[in-house]
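Trainee: got a predicted model here, sequence first, then my questions.
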Amino acid sequence: QVRLVESGGGLVQAGGSLRLSCATSGGTFSTYAMGWFRQPPGKEREFVAAIIRSGGSTYYADSVKGRFTISRDNAKSTVFMQMNNLKPEDTAIYYCAATKAPLLTTRTANYWGQGTQVTVSS
């Protein structure tokens, strides 16, 4: 059973930065495509970013392109997301997810973390 544990969330002012981490255990990290989703208050969970197994390709929601960067360290079994120029609308619970499929989507996600809160004040 794969276990995902997020960290790095918190309270930040608009324009600030945070770096989320997701440490994995219980599986072979390099065989999973990874990514991040978020759930804003009162809204449904939405896709944020994804990265393939090798780290060679990344994908982003339009709302975060140019501000967020996803990366992975297969040696440390960890995926990261650097979030810059944060906006109040980025406030959400951020979830790490993993899939055995080539690409992570809402449908292909097999494993989820417990989530970490990100709050951006205006």
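Mentor: Ah, there it is.

Trainee: ok, the most centrally placed residue in the chain to Ala98 distance?
Mentor: Taking C-alpha atoms, centre = their mean, the centroid of the chain lies closest to Trp36, which sits 2.5 Å from it. Noted for Trp36: a distance of 11 Å to Ala98, by C-beta to C-beta, to the nearest Å. In short, each C-beta sits where N, CA and C put it, glycine included.

Trainee: same thing with Gly8?
Mentor: Gly8 is 17 Å from Ala98, by C-beta to C-beta.

Trainee: repeat for Thr31
Mentor: Thr31 sits 9 Å away from Ala98, taking C-beta to C-beta as the criterion.

Trainee: neighbour count winner among the two?
Mentor: More neighbours surround Ala98 than the other of Thr31 and Ala98, with 25 against 10 (other C-beta atoms under 10 Å).

Trainee: correct me if wrong: that one contacts Ser77.
Mentor: No. Between Ala98 and Ser77 there is no contact under C-beta atoms under 8 Å: 10.5 Å.

Trainee: identify the contacts common to these two.
Mentor: Thr24 (C-beta atoms under 8 Å, 6 or more residues apart in numbering).
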